[in-house]
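Asker: okay, predicted coordinates and the sequence, questions at the end:
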Amino acid sequence: MPELAPENLVELRDLKMEFAPRKRLFRSGMANPVRAVDGVSFDIRRGETLGLVGESGCGKSTVTRCILGAYKPTGGTIAYRDPQGRVVDLAALSEAQRRPYCTDLRFVFQDPQASLDPRMTVVDLVGEVLRVNGLASGREIPGIVAGLMERVGLRPEYAHRYPHAFSGGERQRIGIARALATRPRLVILDEAVSALDVSVRAQTLNLLKDLQEEFGLTYLFVSHDLSVIQYICDRVVVMYVGQIVESAPIDALYARPRHPYTEALLSALPVPDPRRQRQRRRIQLKGEVADPANRPSGCAFHPRCRFATDLCRTTAPPLKDLGGHAAACHYAEELDLRGVLSDPNPQRAHA
Amino acid sequence: MPPTPTTEPRRAGEPLLQVEDLRVQIGTDDGLISPVDGVSFEMEAGKTLCIVGESGSGKSMTGRALMNLMPERMKIAGGRIAFRTAAGPVVDIVGLPPRGPAIRAIRGAEIALVSQEPMAALSPVHTIGQQLGAVIRQHMGLSRKAVRERALECLADVGIPKPAERLDSYPFEFSGGMRQRVCIALALSCGPRLIIADEPTTALDVTTQANILDLFKKLQAEHGLSILFITHDLGVVADVADQVAVMYLGRVVERGPVEEIFYDPQHPYTRALLQSVPTLSRQRVHRLAAIRGMVPSAFDRPTGCPFHPRCDQAVAGLCDRRDPPETVLGPGRGARCVLVEEGGAAGPQLQPRSVQHA
């Protein structure tokens, strides 16, 4: 079994998820296989919040589903250190063998409306996982659920209500309580706040920070929203068409990205400050996100990249380490790319 | 009808649209609710007004009401929507029969809608050319050949590559961003003067969103369009708005020029909203200032000021009883709050917040 660096909880190495080609409608022959995740390697350190960011179709959700075992990866390893200190490769386990780890790795979904069974009450929704895994007896469950509800800011008296009786923000709290019920070590939050209103989103983000401190949780926070990532994450991994283009500590990435795709993403992010926003220069990306079934040769980003050269068209750049900051670009060292953070001394608003 | 849309420059500052005390009611099994409850604002020609608010604030309903496009069981229950038509006279859209010829001549031709979900707005079984053609024929009465030419022109205008080939494509053959461009082409096809864009970029990726926002700006500059932009994203507001109207529970609680709303907000809700979004500053905030509680349901409207149960500055015995009218603070600038009404009597509490990222 692979070794795991002491600070890491999970290490992904060369993870691949290829979806088998389907027969084409009206056309003979097979379509190309979809390489949704193609050689992704990153570490999740104990106690940190790691952001996973990218546009739709970049494979970020597929990565999380591989970690959870919803998909069986077609290649690579997912090394996980269990509470006893043993290292297992989650990717190699059968469904039955994975069972003991299901309580360690938990998930909060984007849409609480869809992820909560409308015909179950809160006490059943949150308690089910305890019952199924034999973590609590039937008589203990209501007490534990009440405690969890209180912790996530729901009134325990509402334990016998159904999901429809709650607002969107409250439903997401039920989802969080359910994820926390088993005392997990890693919580994967897949666009967990994207469907929430601005004011409720802030509450939920604050709650997640508090819970992390209290329970020593590790988060993998998947989002397309770079401003939320900057607020909650310690490090971030940027994906493009199934591959990692850049990974770095938050401040380094937002101050000076090293990959042109990251720069374009940051430049496209609207900043809620009209004067700053209108002075910013936006990098227009040509064309569309590449098709993972039909990835361009060389660097997958080259058809949209303003710095692309012949080298980029022919040779795929490896993820190079630049001292805690890694980028998959041939010119990562040379390019002087622009970040998004406001200057230390911005023009002050009149007050 | 002119063969090409009117693009003659309009005098700046002339109100294109004036909404006064607009009310929309929905009849539900549990009684009447008012998702729009006394909305007033005005729009200058050639400018962008952003309506910003959380879900349930009535911002989309307000947009629909401007076209008198009400779903079943929903009706405009009062107020006035004065729209200056291209021909000159001002019409009250509220007074027009929703299925009559007068409103039909306005919908599509003078006021057009771009909605959030382009796949739902387009017919999956007709080509882009057929869908564009239907609208153009309806409003502009052109020959077959001229219709096709106009459709081509529209697609090229919104930046769709190789428009002649794409005219015979179906919506599923386009990407999300391109579909939204098609919807914008549809909205533009008859040369409207006002576009109601209801969360047009919410379903799109951030780089695609940036391209669509740029497209709106370009079209506005070229055609002198007025845009009513409905969104919940304060970053988008900061990018596109000239004027902003902040809505909460069916009311405009504050409105004004974009810089004044962001740098000198008067209503506690506006301030709280601005503080609850991450600002991408070099010094990361440790905690966001969240607004407590949640937007109440329309069945359960608080008495007095609708925001008072969540407001940190609510005055007991005043805010829960009195529903303040809008205090006018300048041309196109106003707020509905007792603290503003009293002209700063509440003292230092009313100082505008210092800008967070400074």
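Answerer: Looks like it arrived, so ask away.
Asker: how about the contacts made by the residue in the stretch 151-300 of chain B positioned nearest to chain A?
Answerer: Going by Cβ to the nearest Cβ, chain A is nearest to residue B:235 of the stretch 151-300 of chain B, at 3.1 Å. Every residue, glycine included, has its C-beta placed from N, CA and C. Residues in contact with residue B:235 (Cβ atoms under 8 Å, 6 or more residues apart in numbering or on different chains) are A:227, A:269-272, A:277, B:277.
Asker: any buried residues in the helix or strand of chain B with the lowest mean pLDDT, and which?
Answerer: Least confident helix or strand of chain B, by mean pLDDT, DSSP states H and E, is helix B:118-121 with a mean of 86. For helix B:118-121, the neighbour count (16 or more other Cβ atoms under 10 Å in any protein chain shown) marks B:118, B:121 as buried.
Asker: any residue of it touching chain A?
Answerer: No - interface with chain A: helix B:118-121 contributes nothing (Cβ under 8 Å from any Cβ of the partner chain), its closest point being 13.7 Å away.
Asker: which residues touch the helix or strand following that helix?
Answerer: Later in the chain than helix B:118-121, the nearest helix or strand by DSSP states H and E is helix B:128-140. If you take Cβ under 8 Å, 6+ apart as the criterion, helix B:128-140 is touched by B:1, B:3, B:105, B:108-109, B:122-123, B:126, B:142, B:147-148, B:150-151, B:154-155, B:166-171, B:174, B:182, B:185-186, B:189-190.
Asker: so the closest residue to residue B:73 other than its chain neighbours: helix, strand or coil?
Answerer: Spatial nearest neighbour of residue B:73, chain neighbours left out: residue B:27 (4.8 Å); criterion: Cβ to Cβ, 6 or more residues apart in numbering or on different chains. Put simply, residue B:27 is strand when judged by DSSP: H, G, I helix; E, B strand; the rest coil.
Asker: show me the beta-bridge partners of residue B:27.
Answerer: Counting by DSSP bridges, residue B:27 forms beta bridges with residue B:32.
Asker: residue contacts, residue A:233?
Answerer: Per Cβ under 8 Å, 6+ apart, neighbours of residue A:233: A:49-51, A:221, A:250.
Asker: could you rerun that using 10 Å?
Answerer: By Cβ atoms under 10 Å, 6 or more residues apart in numbering or on different chains, the residues touching residue A:233 are A:48-53, A:219-221, A:223, A:249-250, A:253.
Asker: do residue A:206 as well
Answerer: Residues in contact with residue A:206 (Cβ under 10 Å, 6+ apart) are A:153, A:231-232, B:276, B:286-290.
Asker: out of these, which are buried?
Answerer: Neighbour-count burial (16+ other Cβ under 10 Å) applied to those gives A:153, A:231-232, B:276, B:288-290.
Asker: got the contacts of residue A:233 as JSON lines, with neighbour count, distance to residue A:162 and pLDDT columns?
Answerer: As requested, those are arranged in JSON lines below (neighbours: other Cβ atoms under 10 Å in any protein chain shown; distance: Cβ to Cβ, whole Å; pLDDT from 0 to 100):
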{"residue": "A:48", "neighbour count": "20", "distance to residue A:162": "36", "pLDDT": "96"}
{"residue": "A:49", "neighbour count": "24", "distance to residue A:162": "32", "pLDDT": "97"}
{"residue": "A:50", "neighbour count": "24", "distance to residue A:162": "34", "pLDDT": "97"}
{"residue": "A:51", "neighbour count": "28", "distance to residue A:162": "33", "pLDDT": "97"}
{"residue": "A:52", "neighbour count": "29", "distance to residue A:162": "32", "pLDDT": "96"}
{"residue": "A:53", "neighbour count": "25", "distance to residue A:162": "34", "pLDDT": "95"}
{"residue": "A:219", "neighbour count": "24", "distance to residue A:162": "28", "pLDDT": "97"}
{"residue": "A:220", "neighbour count": "26", "distance to residue A:162": "30", "pLDDT": "97"}
{"residue": "A:221", "neighbour count": "25", "distance to residue A:162": "29", "pLDDT": "96"}
{"residue": "A:223", "neighbour count": "23", "distance to residue A:162": "28", "pLDDT": "92"}
{"residue": "A:249", "neighbour count": "15", "distance to residue A:162": "43", "pLDDT": "96"}
{"residue": "A:250", "neighbour count": "18", "distance to residue A:162": "39", "pLDDT": "94"}
{"residue": "A:253", "neighbour count": "29", "distance to residue A:162": "42", "pLDDT": "94"}
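Asker: so where's the chain uncertain?
Answerer: No chain specified, so I'll use chain A. Flagging of chain A using pLDDT under 70 yields the residue ranges A:1-2, A:23-29, A:342-351.
Asker: that's the other chain; I wanted chain B
Answerer: Low-confidence segments of chain B (pLDDT under 70): B:1-14, B:343-358.
Asker: tell me where it has strands.
Answerer: Counting by DSSP state E, one finds strands in chain B at the ranges B:15-28, B:31-44, B:48-52, B:74-84, B:90-92, B:111-114, B:194-198, B:226-231, B:243-248, B:251-257, B:327-330, B:333-335.
Asker: that's all I had, so thanks and see you.
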